[in-house]
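Novice: mind looking at a prediction? Sequence and model below.
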Amino acid sequence: MRPLLAPALAALAIAGSAQAESPHAAPTVEVTISPELRQKAEQEYGVRDVERLVADLQQKTEREMQRSGVLAGGRIELTLVDATPNRPTFKQLGDTPGLSMSSFGVGGAEIEGKAVSIDGDVTPIRYRWYETDIRNASRTTTWSDAQYAINRFAVHLSLGKAYARR
């Protein structure tokens, strides 16, 4: 059985590398953190929490762009400009005596960047969503609204709805 398995795996590897080099491959997604949010992460939220949001933004954007086929072979460069938690982060709880996980507020996120097509055309991207009703925040986790904003952004981008409006 092993001799049959090796050629099959080799064929899959070749097909996978050919697909990655194809102009129809999903766009590459690069995500950075704005200097302001990085400072908030270091001083207030905790770097680990914000880095998880960055990883989530990259993964969800890649997945949705792969599903839709939009911007095949292109590149997406994003910056997580701001994110606000619904509940205190681990660092905030440690830094502020008396703060409780029962505390809650509205949260959200702001994302900017650009989409670069395979032909080199650059399209600015801007997306911002923050919860406006405190009543929706009482049954949330630490980053619920920021996660919701990231999910909405990824879907809207894959549908062509998150491009910056002039």
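Specialist: Here it is on my side, so go on.
Novice: tell me which helix or strand comes right after the least confident helix or strand in the chain by mean pLDDT.
Specialist: Here the helix or strand of the chain ranked lowest by mean pLDDT, DSSP states H and E is helix 2-21, holding a mean of 40. Per DSSP states H and E, the first helix or strand lying C-terminal to helix 2-21 is strand 28-33.
Novice: show me what counts as buried in that following strand.
Specialist: Buried positions in strand 28-33, judged by neighbour count with 16 or more other C-beta atoms under 10 Å: 29, 31, 33. All C-beta atoms are positioned from the backbone trio N, CA, C, and that covers glycine.
Novice: how far away is residue 51 from residue 117?
Specialist: Counting by C-beta to C-beta, to the nearest Å, the separation of residue 51 from residue 117 is 29 Å.
Novice: an error on my part: the question was meant for residue 147.
Specialist: 28 Å.
Novice: residues making contact with the longest helix along the chain?
Specialist: Longest helix in the chain, counting residues (DSSP state H): helix 47-68. Helix 47-68 is contacted from outside by 26-27, 29-33, 37-38, 40-41, 71, 76, 78, 80, 83, 85, 89-91, 109, 111, 142-143, 146-147, 150-151, 153-155, 157-159, using C-beta atoms under 8 Å, 6 or more residues apart in numbering.
Novice: do stretch 129-144 as well
Specialist: 49, 52-53, 83-89, 104-109, 145, 148-149, 152-153.
Novice: buried residues of that stretch, list them for me.
Specialist: Across stretch 129-144, burial judged by 16+ other C-beta under 10 Å covers 129-131, 137, 140, 142-144.
Novice: for those, which one is nearest residue 99?
Specialist: Within these, the smallest distance to residue 99 is 12.4 Å, found for residue 142 (C-beta to C-beta).
Novice: the closest one: which element?
Specialist: Applying DSSP H and E, one finds residue 142 in no helix or strand.
Novice: hang on, the earlier thing: now the contacts of stretch 129-144: which count as buried?
Specialist: 49, 53, 83-89, 104, 106-109, 145, 148-149, 152-153.
Novice: out of the residues you listed, which are inside helices?
Specialist: When DSSP H defines the helices, the subset of the buried ones among the contacts of stretch 129-144 inside them is 49, 53, 145, 148-149, 152-153.
Novice: need the max-distance pair from these.
Specialist: Greatest spacing in those, by C-beta to C-beta: 49 and 152 (19.8 Å).
Novice: count the neighbours of residue 35 for me.
Specialist: Applying other C-beta atoms under 10 Å, we find 10 residues neighbouring residue 35.
Novice: mind starting the numbering at 31 from now?
Specialist: Got it, the first residue is 31 from now on, which makes the last one we talked about residue 65.
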